[in-house]
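Q: Let's see this in three dimensions:
(2 chains)
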Amino acid sequence: EAGVAQSPRYKIIEKRQSVAFWCNPISGHATLYWYQQILGQGPKLLIQFQNNGVVDDSQLPKDRFSAERLKGVDSTLKIQPAKLEDSAVYLCASSQQGIKAFFGQGTRLTVV
Amino acid sequence: KQEVTQIPAALSVPEGENLVLNCSFTDSAIYNLQWFRQDPGKGLTSLLLIQSSQREQTSGRLNASLDKSSGRSTLYIAASQPGDSATYLCAVRPGSGYSTLTFGKGTMLLVSP
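A: So this is what the prediction gives:
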């Protein structure tokens, strides 16, 4: 069974630039999550999709972050413009309803 | 608001020891609890999932217990090995199956040969 795929694995950008991350969940998983993990912290939810609808985006900084999940499958997370404090690992996860969540390898973003 | 705390933040043990990692949560109305392992620079690997109606789950040398009423879970690792060195994260899914996982900050484990 293929896992959750994320790209790129690493990204370095200057502050005020824009960046986009891509996630392909496990086939058949209706729920998709984007988490932000700052060094030394646990993952923090940014946004949760159920199929292509947003379930929870209460902690998404909407002035600079956006996410979409077209056709209820792949998803992209965008940051524009990036700030130094956005340096983190961005994790995508998927699950069937309420069952085990599976995570991708993450994208490590460094903003300089 | 659900809060998850993991103690200790870091742990260093010699190879072969049995050890216990602790996780506590503030709202006992959970749907399930999941333990993850994270290697440096990598994503999260699911170790064990315990449904709210269960008391424990076992996989190999790992055993996770859940006491929902007291808001606690423990991860027991038997006969630790250097390959067990990683950060261990606890996450709870509150309420319904549509709700999201809330994570603790993790316990960084180092097992020395």
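Q: what about chain A, any weak spots by pLDDT?
A: Residues of chain A that meet the criterion pLDDT under 70 lie in A:1, A:98.
Q: Quick check: residues of chain A near chain B?
A: A:4, A:6, A:31, A:33, A:35, A:40-45, A:48, A:50, A:55-56, A:91, A:93, A:97-106, A:108 (Cβ under 8 Å from any Cβ of the partner chain). Where you see a C-beta, it was placed from the backbone N, CA and C, and this is true even at glycine.
Q: Keep only those of the residues you listed that are in strands.
A: Among the residues of chain A next to chain B, DSSP state E puts A:6, A:31, A:33, A:35, A:44-45, A:48, A:50, A:55-56, A:91, A:93, A:102-103, A:108 in strands.
Q: of those, closest to chain B?
A: residue A:103 (4.0 Å; Cβ to the nearest Cβ).
Q: can you tell me how far the residue lying closest to residue B:99 once chain neighbours are set aside sits from residue B:35?
A: The spatial neighbour of residue B:99 that comes closest, neighbours along the chain excluded (Cβ to Cβ, 6 or more residues apart in numbering or on different chains), is residue B:93 at 5.7 Å. Applying Cβ to Cβ, to the nearest Å, the value for residue B:93 to residue B:35 is 13 Å.
Q: quick one: which helix or strand includes the residue nearest to residue B:99?
A: Residue B:93 is located in strand B:86-94, with elements delineated by DSSP states H and E.
Q: counting contacts, what elements does that strand pack onto?
A: strand B:4-7, strand B:19-25, strand B:30-38, strand B:72-77, strand B:102-103, strand B:107-112 (3 or more Cβ pairs under 8 Å, 6 or more residues apart in numbering or on different chains; DSSP states H and E).
Q: got TSV for these, with distance to chain A, mean pLDDT and mean neighbour count too?
A: Compiled in TSV, the helices and strands packed on strand B:86-94 are given as follows (distance: least, Cβ to the nearest Cβ, whole Å; pLDDT from 0 to 100; neighbours: other Cβ atoms under 10 Å in any protein chain shown):
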stretch	distance to chain A	mean pLDDT	mean neighbour count
strand B:4-7	7	96	18
strand B:19-25	11	97	19
strand B:30-38	6	94	22
strand B:72-77	15	97	20
strand B:102-103	3	94	22
strand B:107-112	9	97	17
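Q: got the contact list for the residue nearest the centre of chain A?
A: Centroid-nearest residue in chain A: residue A:34, 3.2 Å away (criterion: Cα atoms, centre = their mean). By Cβ atoms under 8 Å, 6 or more residues apart in numbering or on different chains, residue A:34 lies in contact with A:23, A:45-48, A:67, A:75, A:77, A:90-92.
Q: one more time with 6 Å
A: A:46-47, A:67, A:77, A:92 (Cβ atoms under 6 Å, 6 or more residues apart in numbering or on different chains).
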